[in-house]
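Student: No sequence on hand, only this structure:
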């Protein structure tokens, strides 16, 4: 048996040696060199894209931009934060509508009225209240919703000035829907 193990180990050594010879010749071949060059170029392009994108997104806090461009100025800022805050307010308003509490329904209408008031103010309409701003408008400023907005604002006034005024959830949905349609028409 000793001789059997000896011949088996010689076969393993020759098989392992031949695999190593094949790998060694492949590693030192011209084809493998070309593959290495292509992979190197590809990796260089990827690294350049990562650095370029990071600079464009200002991930380095402006240090890289200052180093490369010599400018300390930040790129133009987007007005996204203002839009997000208005969207969050509308989402909160809609949560109040879903609530089972009549006081939340009233708050949803009051909040919708405030959002429309601020939007009209941003559009240049002047006045102390939403009613004053609506008086400056003409129906063409809010096509198809001008009269509905007036009615919704009157209901808001009743909610604020008449504590015993009651409103249902479906009516609240309709009124908030009027405000949302008006906001969409104004922000186009």
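Tutor: It's in. Bear in mind the structure is a predicted one, so any value in this text is a computation, not a measurement.
Student: Give me the neighbour count for residue 106.
Tutor: Neighbourhood size, residue 106 [other Cβ atoms under 10 Å]: 21. Where you see a C-beta, it was placed from the backbone N, CA and C, and this is true even at glycine.
Student: Let me see the contact set for it.
Tutor: Counting by Cβ atoms under 8 Å, 6 or more residues apart in numbering, residue 106 touches 159, 167, 172.
Student: where does the protein dip in pLDDT?
Tutor: Low-confidence segments of the chain (pLDDT under 70): 1-13, 15-16, 55-87.
Student: and it, what are its domains?
Tutor: Per the record, the chain has its domains at 10-69, 80-186, by automatic domain parsing.
Student: just checking, which of those domains sits deepest inside the structure?
Tutor: Mean neighbours per residue, mean count of other Cβ atoms under 10 Å, is largest over those for domain 80-186, with a mean of 15.
Student: ok so, going back, going by distance to residue 26, which of the contacts of residue 106 wins?
Tutor: Among the contacts of residue 106, residue 172 lies closest to residue 26 (Cβ to Cβ), at 75.2 Å.
Student: Same list (the contacts of residue 106) but as CSV, adding distance to residue 103 and secondary structure.
Tutor: Shown next, in CSV, are those (distance: Cβ to Cβ, whole Å; DSSP: H, G, I helix; E, B strand; the rest coil):
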residue, distance to residue 103, secondary structure
159, 10, helix
167, 10, coil
172, 11, helix
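Student: Nearest to residue 44, out of those residues: which one, please.
Tutor: residue 172 (60.8 Å).
Student: That closest one - nearest residue in space that isn't next to it in sequence?
Tutor: Setting aside the residues directly before and after it, residue 172 is nearest to residue 105 in space (Cβ to Cβ, 6 or more residues apart in numbering), at 4.0 Å.
Student: same question, residue 110
Tutor: residue 156 is the one closest to residue 110 (Cβ to Cβ, 6+ apart), at 6.1 Å.
Student: re the thing from before, test my guess that the residue nearest to residue 172 contacts residue 169.
Tutor: Yes: the pair residue 105 and residue 169 passes the contact test of Cβ atoms under 8 Å, sitting 5.9 Å apart.
Student: With adjacent residues omitted, what lies nearest to residue 186?
Tutor: residue 119 (5.4 Å).
Student: And that neighbour, how far from residue 97?
Tutor: Per Cβ to Cβ, to the nearest Å, residue 119 is found 19 Å from residue 97.
Student: and the helix or strand hosting residue 33, how far from the chain's centre?
Tutor: Assessed by DSSP states H and E, residue 33 sits inside helix 30-56. Relative to the chain's own centre, helix 30-56 is displaced by 31 Å; criterion: Cα atoms, centre = their mean, to the nearest Å.
Student: Check stretch 27-43 too.
Tutor: Taking mean C-alpha positions (Cα atoms, centre = their mean), stretch 27-43 and its chain are 41 Å apart.
Student: hmm, who's touching it?
Tutor: Contacts for stretch 27-43 (Cβ under 8 Å, 6+ apart): residue 26.
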